[in-house]
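Peer 1: what's the 3D shape of this:
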Amino acid sequence: MEILVRIAATGAVMLLVLMPVFFVREFVTYLPQLHFLDLWSVAGNPLSQSPRYGIVLLVLNSALLASGAVVVALPLGLGTALYITEIAPQRMGRAFWVLIKGMAAIPPVIIGFLGYAIVITEQSTRGASGPALVMLASLLLGLMIYPNIVCFLVDALRRIPTSFKASSYALGASRWQTIAHTIYPAAQPGIAAAGLFGFGRALGDTVIVLMLAQGIFGTRLPRAWPLLTMPIMIATSATSAALGEGYYYGLYFAGLLLVVISYSLSYFGRRLVRTQRGELE
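Peer 2: All right, here's what the predicted structure looks like:
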């Protein structure tokens, strides 16, 4: 069994290493034909008949939706985690904990279908503005990452030694003063790490944003410019990009950029978790 686990772990690490290597190899093949001005053009539209990659536009849209999801989910997740660990009675906290874990098991396609059902029943959304689309997509993405953020924050709060709270109560602080001045400062690295992990999770989502865009615009995805993200470009253009064309290798560049961003967020999130453990120890 130990040998099998070691083989599985080695295979997983090799896959994680080979994936960015494969993206780099395919992108380097295209470097002699690459026009960086077109690649980084904000006005580019990768789904038009004469595609310009518009990586800046894709990155900005992806970051905007992911940031909106974190703004929605992180405060709610922090409040829920504090309620479970510090405020709720033990039985009530356990019930909420089981409920949150059940929510974390909901597939993203279910949330995407919920958004699709909402927009197709409201005919007025077909003329929705850009800010309205961003808000709706951010709410759905926030709903997707909310259970994961709660689970992460509950673990971070439970790592805080009980001696911290005992010392605060011994000095005469109330429960809310202890939460505000003792628990929250000690958990700040974990809260920041939860935000980074949630951002990375929302950044790479495809199905929710794609179903929302199709529910509003049908197959006319170029009109859904606020929902045109890096994962959406890759998902909608992979089958139409011909092998050897510049557009084909441009998709690899978008994938490579997405992998680098995801790995960077994961790295800094792990550093924040280690920082919290070091401060508390």
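
Peer 1: burial count for Ala173?
Peer 2: Look at Ala173: counted by other Cβ atoms under 10 Å, it has 16 neighbours. Every residue, glycine included, has its C-beta placed from N, CA and C.

Peer 1: again with the one 10 residues further on
Peer 2: Residue neighbour count, defined by other Cβ under 10 Å, stands at 18 for Ile183.

Peer 1: give me the pLDDT for it.
Peer 2: Looking at Ile183, its pLDDT reads 89.

Peer 1: equivalent analysis for Arg223, please.
Peer 2: Confidence at Arg223, expressed as pLDDT, is 48.

Peer 1: where does this structure have its least confident helix or strand?
Peer 2: When the helices and strands of the chain are scored by mean pLDDT, DSSP states H and E, helix 36-39 comes last with a mean of 55.

Peer 1: what's the following helix or strand after that helix?
Peer 2: Reading on from helix 36-39 to the C-terminus, the next helix or strand found by DSSP states H and E is helix 55-82.

Peer 1: pull the contacting residues for the closest residue to Val154 other than its chain neighbours.
Peer 2: Excluding the flanking residues, the one nearest Val154 by Cβ to Cβ, 6 or more residues apart in numbering is Ala81, at 4.8 Å. Residues near Ala81 by Cβ atoms under 8 Å, 6 or more residues apart in numbering: Val150, Leu153, Val154, Ala156, Leu157.

Peer 1: same check on Tyr146?
Peer 2: For Tyr146, the contact set (Cβ under 8 Å, 6+ apart) comprises Val72, Ala73, Leu76, Gly77, Met103.

Peer 1: show the buried residues in those residues.
Peer 2: Val72, Ala73, Gly77 (16 or more other Cβ atoms under 10 Å).

Peer 1: what is the nearest of those to Val207?
Peer 2: Here the nearest of the buried ones among the contacts of Tyr146 to Val207, counting by Cβ to Cβ, is Ala73; it sits at 17.4 Å.

Peer 1: could I get the contacting residues of that closest one?
Peer 2: Gly142, Leu143, Ile145, Tyr146, Ile149, Gly198.

Peer 1: at 6 Å instead, please
Peer 2: Ala73 sits next to Gly142, Ile145, Tyr146, Ile149, Gly198 when contact means Cβ atoms under 6 Å, 6 or more residues apart in numbering.

Peer 1: cool, Gly195 as well?
Peer 2: Applying Cβ under 6 Å, 6+ apart, we find Gly195 in contact with Val70, Leu74.
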